[in-house]
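# from the sequence below, what's the structure:
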Amino acid sequence: MSDSKKKTALVLIADGTEEMEAVITIDVLVRAGLDVTVASIKPDTSIQPVKCSRGVKIVPDTLLSSLPLPAITDNDLSPELFSVLVVPGGGPGAQAMVASPLVHVWVQAHYKKALLAAVCAGPTVLKAANVARGAKVTSHPSVRAELDGYFAYQDNNVGKSIVVQDTDHGLITSRGPGSTFEFALAIVEQLQGAKTVDEIRGPMMFPH
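Numbers count the residues shown, from 1 in each chain. Predicted structure coming up:
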């Protein structure tokens, strides 16, 4: 996306998505001025609520299958690309995305053309889409065994290091629900700058 255009985000959700990771990320990105689209990956024919991991229901903006597919090219940026593609965790939700060829296409199209951000079990979806081999990532400890050997896994994540950024691969990853604010703010800093992060932290009463 051109810097002259409003930054956009696509947040994927499925039955079993961790609701904190989805909602906190959506909220923070909206506060930062991004145009956020929430897309269900479910194979529905109409928009239906998604039941998240703790029973919270989210009504998506659209179905992923209804969005125009971005082109996977080596050189040109597809106009259908978002500034960031966000993959929340939650075991069953991530597993549904791992099993979805359509999700893989969207991840592949955004890889190195835009920002990819995945939290908790979300990085397993990046592996399933066969992108970013060798990149530095972190995740929820429960899925580390699935990622070791494919990624350069980072596990000494405390404080501000709870978010791992690999700029060479255009990735931001983090560990789980408790790290989602820092995860979302890292996305904001990359897309909107540190000044915007400072502007939204205060009203949220989020500590420095």
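# can you give me the helices in the protein?
For the chain, the helices defined by DSSP state H cover 19-31, 91-98, 101-110, 123-128, 144-147, 180-192, 194-204.
# output the contacting helices and strands for the fifth one.
With contacts defined as 3 or more Cβ pairs under 8 Å, 6 or more residues apart in numbering; DSSP states H and E, the packing partners of helix 144-147 are helix 123-128. In this view, the C-beta of every residue, glycine as well, is placed from N, C-alpha and C.
# quick one: the helix it packs on to chain centroid distance?
Distance of helix 123-128 from its chain centroid, counting by Cα atoms, centre = their mean, to the nearest Å, is 11 Å.
# what's the most buried one of the helices of the chain?
helix 123-128 (a mean of 25; mean count of other Cβ atoms under 10 Å).
# contacts for it?
87, 94-95, 97-99, 103-104, 107, 116, 118, 132, 137-139, 143, 146-147, 150-151, 171, 173 (Cβ atoms under 8 Å, 6 or more residues apart in numbering).
# ok, now stretch 95-113?
10, 12, 14-16, 41-42, 64-65, 69-72, 77-78, 80-82, 85, 87, 116, 121-122, 124-126, 128-132, 169-170.
# quick one: end-to-end length of that stretch, please.
25 Å (Cα to Cα, to the nearest Å).
# how about the spatially most central residue of the chain, nearest residue that isn't a chain neighbour?
With distances taken as Cα atoms, centre = their mean, the residue of the chain nearest its centroid is Val86 (1.7 Å). Among residues not flanking Val86 along the chain, Val11 sits closest, at 4.4 Å (Cβ to Cβ, 6 or more residues apart in numbering).
# give me the buried positions along stretch 69-89.
Neighbour-count burial for stretch 69-89, counted by 16 or more other Cβ atoms under 10 Å, picks out Pro70, Leu81, Phe82, Ser83, Val84, Leu85, Val86, Val87, Pro88, Gly89.
# in strands, which of the residues you listed fall?
Per DSSP state E, strands hold the following members of these: Val84, Leu85, Val86, Val87.
# for Val119, give me its contacts.
Going by Cβ under 8 Å, 6+ apart, Val119 touches Glu21, Thr25, Val87, Pro88, Gly89, Thr173, Ser174, Arg175, Gly176, Ser179, Thr180, Phe183.
# how about it, nearest residue that isn't a chain neighbour?
That would be Ser174: by Cβ to Cβ, 6+ apart, it lies 4.6 Å from Val119.
# same check, this time on Ala94
Leaving out its chain neighbours, the residue that sits closest to Ala94 by Cβ to Cβ, 6+ apart is Ala121, at 3.7 Å.
# I figured that neighbour hits Val143, correct?
Yes: using Cβ atoms under 8 Å, Ala121 is in contact with Val143, at 4.9 Å.
# that older thread, report the beta-bridge partners for the residue nearest to Val119.
With DSSP bridges as the criterion, Ser174 is bridged to Val119, Val163.
# my guess is it contacts Gln165. True?
No: between Ser174 and Gln165 there is no contact, the gap being 9.7 Å when judged by Cβ under 8 Å.
# so between these two, which is more surrounded?
Ser174 (31 against 19; other Cβ atoms under 10 Å).
# would CSV of the ones in strands among the buried residues of stretch 69-89 with distance to Ile58 and pLDDT be doable?
Supplementary listing: those in CSV, determined by distance: Cβ to Cβ, whole Å; pLDDT from 0 to 100:
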residue, distance to Ile58, pLDDT
Val84, 18, 98
Leu85, 17, 98
Val86, 13, 98
Val87, 15, 98
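# I'm done for today, thanks for sticking with me.
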